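> Fold the following and give me the result.
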Amino acid sequence: MEVKKLWKYFISLFLLTLIIFNWNEVSWIFNYRVISEFFSGFFRQSEQQIQDNFNGSENYEYSEKENSVEIPKIEVTAPLVFVESNEINEIKKGLDLGVVHFADSVLPGQSGQTIVLGHSAPPSYPKIKYYWVFVHIDELVEEDEIYVFFNNRKYEYRVTRKFFLEKGEEISQDSLTDNKSVLLLISCWPPETGTRRIAVEAELKK
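Numbers count the residues shown, from 1 in each chain. Prediction:
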């Protein structure tokens with residue numbers, strides 16, 4: 001019986017000594033905030049994985065790139081900015097930082113229309129911020145590639161058509177089906193006056 005007690009004391013003393021000498025490495029165990037953040041982060045990650053699987057995003061190539069849009073043909077690479085609303089001021093702030101995801105449209109990779117807005121200043125305009133980003137999208141033709149990097153996935157779209165809209169004209173969704181994922185790049189056109197809108201439509205490659 002005495003031997004068992006001695007062993008208990010020895011083990012307790014050993015663990016206490018181990019904790020004291022390694023306090024910097026193990027102190028987080030005794031911090032309830034750290035523990036709470038750890039488990040909440042774990043569950044958030046699990047929920048995101050479930051959502052990714054539900055959306056079918058696991059079928060697309062994994063990428064460590066930040067959220068962005070790449071158009072190889074016209075040498076465009078720009079951050080993809082998400083805004084909280086479609087108010088003009090919110091969109092303008094976002095356009096200074098890259099191209100903007102229109103808040104009322106679906107997220108990249110999902111069924112429906114993903115709308116991305118970008119500036120198209122004249123070629124003579126100083127290449128500052130991202131005013132120049134869509135100045136050459138009129139050069140895109142069918143089958144040209146557009147890559148969207150979102151939430152650590154790479155989505156490849158192929159251009160299907162190009163069309164113009166008058167100011168205030170709404171985009172038709174008649175051609176969409178429940179399982180179709182379409183990307184629309186939209187900008188003012190022509191760059192010199194911006195009297196109309198140019199739209200480049202691309203379909204997600206499954």
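> going forward, measure contacts and count neighbours with C-alpha atoms only.
Will do.
> Look up which residues are beta-bridged to the residue positioned nearest the centre of the chain.
Note on the chain: the residue nearest the mean C-alpha position is F150, at 3.3 Å, using Cα atoms, centre = their mean. Beta bridges link F150 to R153 when assigned by DSSP bridges.
> In this protein, mark out all the helices, start to finish.
2-21, 23-26, 32-55, 88-95 (DSSP state H).
> Mind splitting this structure into its structural domains?
For the chain, automatic domain parsing gives the domain ranges 2-59, 68-204.
> which one of those domains is the most hemmed in?
Of all the domains of the chain, domain 68-204 has the most neighbours on average by mean count of other Cα atoms under 10 Å, namely a mean of 18.
> in the protein, which ranges drop under the pLDDT threshold?
1-10, 15-56, 173-178 (pLDDT under 70).
> Kindly recompute the last result at 90.
For the chain, applying pLDDT under 90 flags the ranges 1-59, 122-129, 167-180, 192-194, 206.
> got a list of what V182 touches?
Residues in contact with V182, defined by Cα atoms under 8 Å, 6 or more residues apart in numbering, are S111, G112, Q113, T114, Y157, E201, A202, E203, L204.
> who touches the first one in this structure?
The one in question is S111. The neighbours of S111, taking Cα under 8 Å, 6+ apart as the test, are D178, N179, K180, S181, V182.
> Reformat those residues as JSON lines; add distance to Y131.
Formatted as JSON lines, the contacts of S111 follow (distance: Cα to Cα, whole Å):
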{"residue": "D178", "distance to Y131": "34"}
{"residue": "N179", "distance to Y131": "34"}
{"residue": "K180", "distance to Y131": "31"}
{"residue": "S181", "distance to Y131": "27"}
{"residue": "V182", "distance to Y131": "24"}
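> surely F150 meets P108?
Yes - counting by Cα atoms under 8 Å, P108 is a contact partner of F150 at 6.8 Å.
> if you skip the residues just before and after it, what's nearest to I186?
Leaving aside its chain neighbours, I186 sits nearest to A199 (4.6 Å; criterion: Cα to Cα, 6 or more residues apart in numbering).
> Next up, the contacts around that neighbour.
Contacts for A199 (Cα under 8 Å, 6+ apart) come out as K162, F163, F164, L165, L184, L185, I186, S187.
> so what's the first one bridging to?
Listed by DSSP bridges, the beta-bridge partners for K162 are V200.
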